[in-house]
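based on what follows, work out the 3D shape:
(2 chains)
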Amino acid sequence: MSGRGAALAVLAALLAAAGTLAQTTPAPKRSGFDTMSAGVQAMQRDDQQNPGMLWVADGEVLWKTIFGISFSCAHCHGDATKTMRGVAARYPDWDKVDGRPVDLVQRINLCRTRYQQVLPLPPESVEMLGLEAYVAVQSRGMPLAPSTARELEAPRERGRRLYEQRIGQLNLSCALCHDKLPGHVLAGATIPQGHVNGYPTYRLEWQGLGSLQRRIRNCLSGVRAAPPPWNSLEMVELELYLTQRSAGLPVEAPAVRP
Amino acid sequence: MARTLIHVPTTARKGEVLEVRTLIAHPMETGYRAGADGRTLPRDIIRRFACRYNGELVFSADLYPAISANPYLAFSVIADASGSFTFTWEGDNGFAQTESATITVT
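The predicted structure is shown next:
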């Protein structure tokens, strides 16, 4: 009898352990690439078919174009294929001069206003997307490795809270869909895990290239929340957390998504 | 000038079937969509694409408003002789662009 009791106790302990394991083990990270159709995957894989490469080609020209007094990006940074490798995998990063986190788009604009002495490029302009895509494509295939600067810890934590905060008329948080319900279907589209390893991304829905901020604004207006202004601190904080959340996934920029 | 991505093999054997792939940056505005001010955006599409191989027309296509932005066209050509391919896109608002590529056939 005592033998049977012990066996039952062991079984109960095992079941309990399995239960906690199922709760605590997070689902493996899956890029949005894995859940899209074979046709769209082929479009992303082939640089002759990937329309994002049109912007990359624009960016390559802009990289060598002299803006302002006498500077091109290449004057200081040289050959982007060497100097920009890994940069997009690390951003957003901490800007020591302004004492705030900046994403890649803001970094490019800071270079323009501080050193090239020209006006910043407007959000989602062809030139900005071109430069961003050209810098990002240099990190293609590298794992996302967010900056480990200590100053970023607090903003990243604020980003996590934004991610988990219910917002908008529909009262939904990012986490509700992308952490709890990936793989389910919303309005005919599969909910992805919401990883950020492909930006700037060519979306078939947009018929064009767009930045991560544009994508976030898309989701925000989807839940009927007022999106924060372009390049606001909240946006960058959210980007910081999202990048941390996707750490380790390979950079796919410029990715193609449905 | 719109940016293009064109893929043609640079060398081929005579009689070989080649895949030619072209992509051009173009908004392909349908003429049915409303702009930010609510007014209908005027149509702006590419209407015709043609590929000539040493001057001879080998592939052409008519494009319509339902075709996506940045249209991608792929087709096959038999390698016949060394020479050049010319690609032309023509469309609304006087849009016209010509690109070329050379091939060596052995």
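
C-alpha from now on. contacts and neighbour counts both.
Will do.

A:Q41 in helix, strand or coil?
With DSSP: H, G, I helix; E, B strand; the rest coil as the basis, A:Q41 sits in helix.

isn't it right up against A:F33?
Yes. Using CA atoms under 8 Å, A:Q41 is in contact with A:F33, at 6.6 Å.

next, A:D47: phi, psi?
Dihedral pair for A:D47: phi -60, psi -20, per degrees, to the nearest 10.

and the residue in the stretch 101-250 of chain A positioned nearest to chain B, backbone torsions?
When scored by CA to the nearest CA, the stretch 101-250 of chain A has A:Q207 as its residue closest to chain B, at 5.7 Å. With angles defined as degrees, to the nearest 10, A:Q207 sits at phi 60, psi 30.

relative to A:R257, how far out is it?
10 Å (CA to CA, to the nearest Å).

who has more neighbours, the two?
A:R257 (20 against 16; other CA atoms under 10 Å in any protein chain shown).

how about that one, what does it touch?
By CA atoms under 8 Å, 6 or more residues apart in numbering or on different chains, A:R257 lies in contact with A:G32, A:F33, A:M36, A:V40, A:T201, A:Y202, A:R203, A:L204.

out of those residues, who's near chain B?
Filtering the contacts of A:R257 for proximity to chain B by CA under 8 Å from any CA of the partner chain leaves nothing.

so which of those are in strands?
Using DSSP state E, A:T201, A:Y202, A:R203 are the members of the contacts of A:R257 that sit in strands.

can you add pLDDT and neighbour count and give the residues you listed back as JSON lines?
Shown next, in JSON lines, are the ones in strands among the contacts of A:R257 (pLDDT from 0 to 100; neighbours: other CA atoms under 10 Å in any protein chain shown):
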{"residue": "A:T201", "pLDDT": "97", "neighbour count": "27"}
{"residue": "A:Y202", "pLDDT": "97", "neighbour count": "25"}
{"residue": "A:R203", "pLDDT": "95", "neighbour count": "17"}
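
and of these, the nearest to B:A81?
Among these, A:Y202 lies closest to B:A81 (CA to CA), at 37.6 Å.

quick one: buried residues of stretch B:16-32?
Across stretch B:16-32, burial judged by 16 or more other CA atoms under 10 Å in any protein chain shown covers B:V20, B:R21, B:T22, B:L23, B:I24, B:A25, B:H26, B:P27, B:M28, B:E29, B:T30.

so which of those are also by chain A?
Checking the buried residues of stretch B:16-32 against chain A (CA under 8 Å from any CA), the matches are B:R21, B:T22, B:L23, B:I24, B:A25, B:P27.

may I ask which helix or strand encompasses B:F85?
strand B:83-91 (DSSP states H and E).

which residues does the nearest residue to A:Q117 once chain neighbours are set aside contact?
Closest residue in space to A:Q117, ignoring its immediate chain neighbours: A:G68 at 5.8 Å, by CA to CA, 6 or more residues apart in numbering or on different chains. By CA under 8 Å, 6+ apart, A:G68 lies in contact with A:Q116, A:Q117, A:V118.

just B:L23 next, same as before
A:Q48, A:Q49, A:P51, B:T4, B:L5, B:I6, B:N70, B:P71, B:Y72, B:L73.

for it, give me phi and psi.
Backbone phi and psi, for B:L23 under degrees, to the nearest 10, turn out to be phi -140, psi 130.

does A:F71 touch A:Q117 like I think?
No. The pair A:F71 and A:Q117 fails to qualify as a contact (CA under 8 Å) at a distance of 9.1 Å.

would you list the phi and psi of the residue nearest the centre of chain B?
Nearest to the mean C-alpha position of chain B, counting by CA atoms, centre = their mean, stands B:F49 at 4.9 Å. Per-residue torsions, B:F49: phi -120, psi 140 (degrees, to the nearest 10).

can you tell me which residues contact the residue nearest to it when sequence neighbours are not counted?
With sequence-adjacent residues excluded and distances taken as CA to CA, 6+ apart, B:F49 is closest to B:W89, at 4.6 Å. By CA under 8 Å, 6+ apart, the contact set of B:W89 is B:I46, B:R47, B:R48, B:F49, B:A50, B:F95, B:A96, B:Q97, B:T98.

how close does the fifth one get to chain A?
By that I understand B:A50. When distance is defined by CA to the nearest CA, to the nearest Å, B:A50 is 18 Å away from chain A.

tell me what that residue is bridged to.
For B:A50, the beta-bridge partners are B:S60, B:T88 (DSSP bridges).

likewise for the last one?
According to DSSP bridges, the partner residues bridging B:T98 are B:T88.

from B:I45, how far off is it?
Counting by CA to CA, the gap from B:T98 to B:I45 is 16 Å.

tell me the SS of B:N93?
helix.

mind checking pLDDT for the nearest residue to it once chain neighbours are set aside?
Nearest non-adjacent residue to B:N93, counting by CA to CA, 6+ apart: B:D44, 7.0 Å away. We have a pLDDT of 96 for B:D44.

thought B:D44 was touching B:G91?
Yes. Taking CA under 8 Å as the definition, B:D44 is a contact partner of B:G91 at 7.5 Å.

so what's A:P155 up against?
Here A:P155 is in contact with A:P101, A:E237, A:L240 (CA under 8 Å, 6+ apart).

and the second one, what element?
Under DSSP H and E, the secondary-structure element containing A:E237 is helix A:233-245.
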